[in-house]
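Asks: below is the sequence, then the predicted model.
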Amino acid sequence: MEVLIKLDRVTKTYHMGEVTVNALRETTMDVFQGEILVILGPSGSGKSTLLNIMGGMDLPTTGEMIFLGENLSQASDHRLTSYRRNEIGFVFQFYNLIPDLTGKENVELAADLVDEPLDVHEVLKDVGLADRMDHFPSQMSGGEQQRVSIARAAVKNPRLLLCDEPTGALDYQTGKLILSLLAKINQDHGSTVVIVTHNTPIGDMAHRVVRMRDGTIADIKENTSPLPPERIEW
Amino acid sequence: MSALNNKLWRTISKTKGQFIAVVAVVVVGVAVYIGMTTAYYNLNASKEKFYRDRNFADYYFQVVKAPQQVTKQIETIPGVAGVTGRIQKDVSLVNDFNKRATARLTSYTMPVEYEINSLQLLTGRFFAAETASQPGEPIRTGDIEILVDPQYAEGNLLDFGDTVNIVAEGKIVPLTVVGTATGPEFIYLMKDAGTLLPDPKTFGIIMISRERAEEILNLKGQINQVLISLVPGADADRVARQVEDVLEPYGNLASYPRKQQLSNAMLEAELDGLRASSRFMPAIFLGIAAAIQFVILSRMVRSQRLQIGIMKALGYRSRQVILHYTGYSVLVALCGAFLGTLFGLALSSFMSDTYAMYFNLPTTIGAVNTQAIVYGFVFSIVISTLAGLTACRSVVTINPAESMRPEPPKGGGKTLIEDWLWLWHRLDTAWKMSIRSAARNRGRFGITTIGVVFAVGMLVMSLFTLDAVDYMINKHYYQDQRYDYLVRFASPVKESELLNIERVEGVQKSEPLLEVPVKINFNGKSEDDVITGLEPGATLKRLSDQHEHPIEVPGEGMLISQRTINKLGAKVGDMVEVETLLGIGPSRQTPVKIVGISNQLVGGGCFVSLQQANLLLQVRQLVSGVMLKMDPVFSTGLEAELEEMTAVSSILSRQKELDNFNKNMEASLYSISVLVIFSLLLGFAIVYNSSVISFSERQRELASLRVLGFSIKEVSGILLKENLLQSLLGVALGLPFGYLMVKGYISAVNTDLYSLPVIIYPATYVYAVLGSFFFIIVAHLLAVRGVKQLQLVEVLKNKD
Ligand SMILES: Nc1ncnc2c1ncn2[C@@H]1O[C@H](COP(=O)(O)OP(=O)(O)OP(=O)(O)O)[C@@H](O)[C@H]1O
Ligand SMILES: [Mg+2]
């Protein structure tokens, strides 16, 4: 399998006054094209930090982040923005929709950024929101908002979909629905999907599962027969 | 970028009130700019054109009388481009409507086009040069044709063919009006600098052919005035001195440059004032509008930190995000500039109409000034954009990953005042909250305060005009000038002849005066002025010194006018050389000691004792006029009797001058009200914005208080206190600031001829304070309307 992202001894250190926090220490791993990768780990283990570095939201303190052969570890703000714009779709725990825009407009906000976006209507239909797309986020349930958020990430047809606790604020049923949508995007468009969660069973839907502890990778497990999310129980 | 545009629209419609308020401020700024600039350019352009077309003179020379040929000699002086010799003389007018008035008889040589200060026919036709009567025959009605200035014609209902009667050389001469005309020296018509305002009922211009003027005034082949135009680049003073030398044998009375020509000086003063206002008013409004936009956008960027992070995570560039937010202020500017242009055009046409009323200009002055419109747009857009960009510059530093983490609390901590424990403990909780919030938002607090300072300053300044006028009226008509009538004679008469007037029924008191036009020489410099001789102890005219303290007419020596002493560079105690310019008899020179300064608000002038004035002329017991105090019941009778006396040249009635003054004040009242409204709007906009923002910033806090059981009134009270904290500081600073603005404005428009006193009555400060309370309270009430609708559950649940 082809390597999409290569992380080589990536560290991330935060300074807060006199305290230094080592959010990541010498983390080395690859993300393969087309896979579903689940990152598990306890709170504070550095999952979000890792995801943010992969997504070009943050730069590593030391080490390298290589995307399709291009070293982005010291990329300019301009380059990182293009990277996020053209290659990445984000899904956040708290949906993070723009409150002043309707569901559809939130998706358009992303579609406006790329030359060849997917059809906004189609994508909204795919996430099952065709009839609610003109509502504002405040008029939607959490699950609906998260579906808008997935549509917004998917509409750019990105190579990499990064999801930070996408089900964290949702109930069981809704959570499963969201995970199936992500699996479907992975299938239909071949997008690589990285899901961060501390919910171990979700690992069952992944091709590979990465476990993190204290800012570094404890182990990586391959999953030869990933389950469809509908069949996962937790 | 369509989704972003939708976001912008939603943002605007969510903050409608603020948007409208700030647009309104821009509208005023742009409207005032376009209106005043257009009016300025139009007025200036038609002045320039008129001056050029009609060869407006560069220098004026007044002589007793000189032969016509002297102009040929002056023509040869290097630097002189053109010369016109003419007769100009003030004569008494008698007609049915207007009792006694003064006409400035001005002669023209046909064809007028080549004359300096030629005239422009407005209605009717030119006067004929010849009389219908034979030489030697008495002049009959219809014999002599004249043109009059349009305001005089209008003010006295004169029509083609109507007759006006003047008193010339002791005879009543009927003149026939054949049209109206104006000239570049008659744009603003006032008799002299001592008059406060034009009054077409008592003063007008009569334009007449030279031949007829010579005949009426008995000046065959003579002139008494020389006008010259200069070659570009010529040294005016040097040329003037040479001309004076040529005219020396004919009795130089006065010479003055264009700058001191009354009409021109008044017009220039108006233009100066207009230019000053057209700069500083828009600057204030656009500046404050920019400050408001800065506050709105800074707050927006701060409160939308997460949204900005999301946009950046999606791949929006900082530049795009900044442009998105700056779009708000660009829209403010566009709406403001568009509406401002409409209002500005209306304003400029209103101003042009007003000018057309006061100034005799032949061309209409209603042109649209595209350049002003373009600049109006450019200024407002540039200023708004800069404000927007400055407010949004922090967008660059927002990191998308960090924006999604909770914002660390600001290192606010204790405020300064909390250190003063004794005071802090005396404050109630609401005050404490307000002070903390003000301290947290120092930038907004400062900007709001400054905005209020300007609004209050503008209020003071708008109202100041009323004070200044009131003060002038009071000082001039009630304190300095205590007489009801001032009667002047065509030429000085023996004091004993005053008995004729004193015996008229109702005259309670009469005091003579002798006015002598003089040239005062000191140290090589010389200034024209008028010396008035009064009886020591005179009560009908009060004099005051530069500190406004009353002073008596000195027995010996002279009280000199502030303006003249400044120009001469002399000081009290100096001896000056006084040269009389009465125009009858030879001019005489007398050394006189300056014993004090006289500070006349209007008209200036120097004062000596009546006896000293007589000495200057080397005559005895002559008077040139008399001041009368009257029982008002007998006014009409007195006026009628005075009309009968041919020696009387003019009758000034305090009542009539006041009436004229009040009539003219109506137009000013209109513009003062407009200015007051603009100032209130300015104050409202800035306070409203800051209230809306602090309300929305503190919704959660306030909602929590409501949950705790605070009433709506108590919660609004907290906001009001915060509001008052900054507004009252603004008001307190705004009052002295207003005084400074007035001072600055006055020094920008000050002229040689008159100066408005920087007088602000305490009541004006009170009104300004009341006005600011008004806009503060209205803004507050509108801003906290939302307290009632505060959805407690919603607010506490939502993050943003
Ligand atoms: N901007 C930051 N400044 C300071 N410390 C940070 C910052 N971001 C993350 N950290 C710290 O780095 C460590 C790793 O954080 P990270 O958010 O990656 O953990 P996580 O695995 O995502 O945890 P959770 O499951 O709670 O989301 C934590 O100790 C966190 O406090
Ligand atoms: Mg996390």
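Replies: Thanks, I have it. Residues are numbered from 1 along each chain as shown, chains lettered A, B, ... in the order given. Ligands and ions are numbered 1, 2, ... in the order given.

Asks: only C-alpha atoms for contact and neighbour calcs from this point on.
Replies: Noted.

Asks: how many residues are close by whichever residue of the stretch 601-750 of chain B sits closest to ligand 1?
Replies: Ligand 1 sits closest to B:E697 of the stretch 601-750 of chain B, with a gap of 24.4 Å, by CA to the nearest ligand atom. Residues within reach of B:E697, counting by other CA atoms under 10 Å in any protein chain shown, total 15.

Asks: what is the burial count for residue 126?
Replies: Chain wasn't specified; assuming chain A. A:D126: 15 neighbours (other CA under 10 Å).

Asks: hmm, no, I was thinking of chain B.
Replies: 22.

Asks: ok, B:Q726 next?
Replies: Neighbours of B:Q726 (other CA under 10 Å): 22.

Asks: three-state assignment of the residue positioned nearest the centre of chain A?
Replies: In chain A, the residue lying closest to the centroid (CA atoms, centre = their mean) is A:L162, at 1.3 Å. Put simply, A:L162 is strand when judged by DSSP: H, G, I helix; E, B strand; the rest coil.

Asks: dump the residue contacts of it.
Replies: A:L51, A:G55, A:I88, A:G89, A:F90, A:V91, A:V193, A:V194, A:I195 (CA atoms under 8 Å, 6 or more residues apart in numbering or on different chains).

Asks: burial of the last one, as a residue count?
Replies: In this case it means A:I195. 26.

Asks: quick one, the helix or strand where it lies and strand A:160-164 angle?
Replies: Assigned by DSSP states H and E, A:I195 belongs to strand A:192-196. Put simply, strand A:192-196 runs at 10 degrees to strand A:160-164, going by axes from the mean of the first three to the mean of the last three CA atoms, to 10 degrees.

Asks: strand A:192-196 pairs with which strands, and in what direction?
Replies: strand A:36-40 (parallel), strand A:160-164 (parallel) (DSSP bridges).

Asks: tabulate those (JSON lines), appending distance to B:A66.
Replies: Formatted as JSON lines, the strands paired with strand A:192-196 follow (distance: least, CA to CA, whole Å):
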{"stretch": "strand A:36-40", "distance to B:A66": "112"}
{"stretch": "strand A:160-164", "distance to B:A66": "103"}
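
Asks: A:N52 is in contact with B:A401, isn't it?
Replies: Yes - judged on CA atoms under 8 Å, A:N52 makes contact with B:A401 at a distance of 6.7 Å.

Asks: for chain A, which residues are neighbours of ligand 1?
Replies: By CA under 6 Å from any ligand atom, the residues of chain A that approach ligand 1 are A:Y14, A:V21, A:A23, A:P42, A:S43, A:G44, A:S45, A:G46, A:K47, A:S48, A:T49.

Asks: out of those, which two sit at the greatest distance?
Replies: A:Y14 and A:P42 (18.8 Å; CA to CA).

Asks: hmm, back to that, overlap in contacts of A:N52 and B:A401?
Replies: Common neighbours of A:N52 and B:A401 (CA under 8 Å, 6+ apart) are A:D58.

Asks: in chain B, what residue comes closest to ligand 1?
Replies: For chain B, CA to the nearest ligand atom, closest residue to ligand 1: B:E402, 5.5 Å.

Asks: ok, that residue to A:M57 distance?
Replies: According to CA to CA, to the nearest Å, B:E402 stands 9 Å off from A:M57.

Asks: who has more neighbours out of those two?
Replies: Set B:E402 next to A:M57 and count neighbours by other CA under 10 Å: A:M57 wins out with 23 against 15.

Asks: so the more buried one sits against B:A401, correct?
Replies: Yes - taking contacts as CA under 8 Å, A:M57 lies within contact range of B:A401: 5.7 Å.

Asks: common neighbours of these two, please.
Replies: Joint contacts of A:M57 and B:A401 (CA under 8 Å, 6+ apart) are B:A313.

Asks: rewinding a little: what sits against the residue of the stretch 601-750 of chain B closest to ligand 1?
Replies: Contacts of B:E697 (CA under 8 Å, 6+ apart): none.

Asks: around chain A, which positions in the stretch 251-400 of chain B sit nearby?
Replies: Selection of the stretch 251-400 of chain B residues close to chain A by CA under 8 Å from any CA of the partner chain yields B:L306, B:Q307, B:I310, B:K312, B:A313, B:L314, B:G315, B:Y316, B:R317, B:N399, B:P400.
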